[in-house]
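# quick one, fold the following:
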Amino acid sequence: MRRGTLERREAIFGWKLIAPTVIIISMLILYPVVYNIYISFFKISLNPEVPNQFVGLLNYVKLLTDSQFWRSFGVTIAFTLLTVAGSLVLGVGVALLMNRKFFGRGIVRALILLPYVTPLISIVFAWRFIFLPVNGPLVQFLASIHLMNPGTDIINNPNNAFLVVSVFNIWRNFPFVYLMVLATLQSIPDSLYESAEIDGANRWKQFTSITLPELYFILASIALLRGIWNFYKFDEVYLLSKFAGTLPIYIYNMAFTGIPRQGVAASAATILFVIMIASITLYVKKVLKW
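Residues are numbered from 1 along each chain as shown. Okay, the predicted model is just below:
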């Protein structure tokens, strides 16, 4: 009896300890999600004197019949797959190089992290300067070798903006992959490679039989995190080019530009949320096997 009472007191004490965290998380995360779902069923009035009008599923019908929504959704899927795959490949390649010993390795390792740790606003405007149509270094160079017409506006052209923001995202975020992979590589015992070399395995065979299996879980976890972040990516995409055409930009324009349709924007955010939850659940079960 005393043991049961003690366990009950410990459980109550544990709930008291985590209660502030649960309350804060509920206020910062759960409330906005629930409120967003709630307003997705209303036509939102910007006039405080005019009440919001309940429209049921009409916002969802408007959204699902909007070709621009589906185009933005496809662009977002392509952006996520391309940037996650690019970051993984580049990050693993650089990590393998940095895992070897050479003079000045510590300095090089630190410099590789600069794209990831530099303030976003600084590197975005540096990239925008590079792509300036009049005096941008890249446009001038390509024009000098007759690969591009002088004055070409790359980042404000919808046909090129997607590629530019994708390359920028890969360049900015591959150091995160590199850092996680490098830490894992350093934990792999050298004896495994020595045994494989004695057995006659070449470098590629060692990589596929030892390195990749050891990296599987960390790469799968990074792919999940980067997939979530890039699927919702707004800040760097919007700052670099408003013409990239991803879904977060579509939702922002729907909610805050022109004639705001915040109810439709909320329904788009709700659909995005449901798709992401379903994708994460499937990924965790099939890939991470949790």
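
# mind checking the pLDDT average for the longest helix along the chain?
Longest helix of the chain, by residue count under DSSP state H: helix 67-98. Per-residue pLDDT over helix 67-98 has a mean of 93.

# can you list the buried residues in the helix or strand where V167 lies?
Element membership of V167, judged by DSSP states H and E, is helix 158-185. By neighbour count with 16 or more other Cβ atoms under 10 Å, helix 158-185 contains the buried residues 160-162, 164-166, 168-182, 184-185. Placement of C-beta: from N, CA and C, glycine included.

# so after it, what's the next helix or strand?
That would be, after helix 158-185 and using DSSP H and E, helix 190-198.

# just give me how far that following helix sits from the chain centre.
Distance, stretch centre to chain centre, for helix 190-198: 37 Å (Cα atoms, centre = their mean, to the nearest Å).

# ok, residues contacting whatever helix or strand comes next after it?
As assigned by DSSP H and E, the chain's next helix or strand after helix 190-198 is helix 203-206. Residues from elsewhere that reach helix 203-206 (Cβ atoms under 8 Å, 6 or more residues apart in numbering): Y193, A196, E197.

# gap between the second one and T211?
This points to A196. According to Cβ to Cβ, to the nearest Å, A196 stands 10 Å off from T211.

# who has more neighbours out of those two?
T211 (21 against 16; other Cβ atoms under 10 Å).

# quick check: the more buried one vs L185, distance?
7 Å.

# residues near the closest residue to R109 other than its chain neighbours, how many?
In this structure, R109 finds its nearest non-sequential neighbour in M98, 5.4 Å apart by Cβ to Cβ, 6 or more residues apart in numbering. By other Cβ under 10 Å, the residues close to M98 number 19.

# touching, M98 and V108? I think so.
Yes. Using Cβ atoms under 8 Å, M98 is in contact with V108, at 6.8 Å.

# sorry, back to before: between T211 and L185, which contacts overlap?
Common neighbours of T211 and L185, using Cβ under 8 Å, 6+ apart, are L96.

# how far does stretch 5-25 sit from its chain's centre?
With Cα atoms, centre = their mean as the basis, stretch 5-25 stands 34 Å off its chain's centre.

# tell me the mean pLDDT for it?
81.

# got the buried residues for it?
Neighbour counts over stretch 5-25 (16+ other Cβ under 10 Å) mark no residue as buried.

# and stretch 145-160, by the same measure?
Here stretch 145-160 shows M148, I154, I155, N160 as buried, counting by 16+ other Cβ under 10 Å.

# ok, stretch 90-101 next?
If you call a residue buried by 16+ other Cβ under 10 Å, then stretch 90-101 has these buried ones: L90, G91, V92, V94, A95, L96, M98, N99.

# from the rest of the structure, what touches it?
With Cβ under 8 Å, 6+ apart, stretch 90-101 has contacts from 105, 108-109, 112, 170, 174-182, 185-186, 211, 215, 219, 222.

# can you redo the buried residues of stretch 90-101 as TSV with distance to S67?
Shown next, in TSV, are the buried residues of stretch 90-101 (distance: Cβ to Cβ, whole Å):
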residue	distance to S67
L90	34
G91	36
V92	38
V94	40
A95	42
L96	44
M98	46
N99	48
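
# how near is the closest residue to R105 other than its chain neighbours to L114?
Distances taken as Cβ to Cβ, 6+ apart place M98 nearest to R105, at 6.7 Å, with adjacent residues excluded. Applying Cβ to Cβ, the value for M98 to L114 is 14 Å.

# N202 too?
To L114, N202 is 34 Å away according to Cβ to Cβ.

# now K101
Going from K101 to L114 by Cβ to Cβ gives 22 Å.
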